[in-house]
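> just the structure for this:
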Amino acid sequence: MIKAKMKLLGSNHFESIEVDPKNNTFTIGDQSFHINDVQLDTPIKGTVYGTLLNYKGALEQLGNQVHEKPYASPPKAPILYIKPANTFNRQGEGIPMPSEVTHLEICASLGIVIGKKAVALNEETALNYIAGYTIGNDISIPHDSLFRPAVSYKARDGFCPIGPWIVEKNQLHDPDNLTIRVYINDELKQENSTKNLIRKVSQLLVDVTEFMSLNPGDVLLTGVPENAPLAKIGDKVRIEIEGLGCLENVIVEEQSFIWRGAQ
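Predicted coordinates for the structure are as follows:
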């Protein structure tokens, strides 16, 4: 069992829990629950930042393109974008499929949850600013452009399921060596590891806080492995990250998602 924090749907408070990440069960006090027994809320309260091209394979897939216009060279600093509050989604909720597209990219990512204000960190102490880790699904409409911010592809309502809880920092032995798996309809579609990150967790924090502050509650997604699987309406999506548990959602029609959100 590992220590974590989570929010019940409708509550403004975080609960301290003990989690069995292999079975996706958790204990509050002397009561035990399966992840599907209760409705959990998104366990974040800050800004979510995504990171592009931070996996070796993802950068390698660009090949010579990184030396051509408009890129001109491989990234010299983290390529960041924001997943705004309208994208936040929770464990078990539907992921909306826009009517004009047929598939969504399922983009699994380790999320670093910031514990205290982080400014101009150094690699030796960067991990001290982390409160814990969570699972992010950085949903995207498939597209080719990496140069201009793809807001309409990545920032739609419900496009960032995250959770189901925040595992405390000291419960993970090595965040730079965690297996990440994506299942669609219980079939394994992707497997990778955070050992393939170009900027490891501490280095990513150093490089980001060199030019911007991170505040308590913010989440920094470490990046998405290459070959993100595609899912269609009705598909059940599950992301597993070693030591954290899993995040499950189903792809639904966008109209259905908006209707539920209005209730």
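> list the contacts of the residue nearest the centre of the chain.
The centroid of the chain falls nearest to Gly136 when counting by C-alpha atoms, centre = their mean (1.7 Å). Shown in contact with Gly136 (C-beta atoms under 8 Å, 6 or more residues apart in numbering): Val48, Ala108, Ser109, Leu110, Gly111, Cys160, Pro161, Ile162, Val219, Leu221, Leu247. Every residue, glycine included, has its C-beta placed from N, CA and C.
> ok, now Val208?
Tyr49, Pro78, Leu80, Leu214, Leu220.
> direction included, what does the helix or strand where Asn192 lies pair up with?
Element membership of Asn192, judged by DSSP states H and E, is strand 187-193. Here strand 187-193 has these sheet partners by DSSP bridges: strand 179-184 (antiparallel).
> so how far is the strand it pairs with from its chain's centroid?
Counting by C-alpha atoms, centre = their mean, to the nearest Å, strand 179-184 is centred 13 Å from the centre of its parent chain.
> run a quick neighbour tally on Asn215.
Using other C-beta atoms under 10 Å, Asn215 has 13 other residues around it.
> so what's it up against?
Counting by C-beta under 8 Å, 6+ apart, Asn215 touches Gly46, Thr47, Ile114, Lys117, Ala118.
> what's the nearest residue to Ala131 if we skip its chain neighbours?
Spatial nearest neighbour of Ala131, excluding adjacent residues (C-beta to C-beta, 6 or more residues apart in numbering): Gly115 at 3.1 Å.
> okay, now that neighbour: neighbour count?
Neighbours of Gly115 (other C-beta under 10 Å): 18.
> that one against Tyr133, yeah?
No - in this structure, Gly115 is not within contact of Tyr133 by C-beta atoms under 8 Å, at 11.1 Å.
> list the buried ones in stretch 187-201?
Lys189, Gln190, Asn192, Ser193, Thr194, Asn196, Leu197, Ile198, Arg199, Lys200, Val201 (16 or more other C-beta atoms under 10 Å).
> can you tell me the closest non-neighbouring residue to Ile141?
Leaving aside its chain neighbours, Ile141 sits nearest to Tyr153 (4.2 Å; criterion: C-beta to C-beta, 6+ apart).
> just give me the neighbour total for the one you found.
Tyr153 has 18 neighbouring residues, counting by other C-beta under 10 Å.
> you'd agree it is in a helix?
Yes - counting by DSSP: H, G, I helix; E, B strand; the rest coil, Tyr153 falls inside a helix.
> quick check on Asp20: phi, psi?
In terms of degrees, to the nearest 10, the main-chain angles of Asp20 are phi -100, psi 100.
> got the contact list for it?
Contact analysis of Asp20 by C-beta under 8 Å, 6+ apart lists Met1, Ile2, Phe26.
> what of Asp138?
Gly50, Lys83, Cys107, Ala108, Ser109, Lys154, Phe159, Cys160, Leu221, Val224.
> beta partners for the first one?
As for beta bridges, Gly50 partners with Tyr81 under DSSP bridges.
> all helices for the stretch 51-200 of the chain, in order.
Counting by DSSP state H, counting those that start in this stretch, the stretch 51-200 of the chain has helices at residues 56-62, 151-154.
> tell me who's in contact with Cys246.
By C-beta under 8 Å, 6+ apart, the contact list for Cys246 reads Pro21, Asn24, Ile35, Ile135, Pro164, Arg238, Ile239, Glu240.
> so the first one sits against Gly243, correct?
Yes - using C-beta under 8 Å, Pro21 makes contact with Gly243 at a distance of 5.8 Å.
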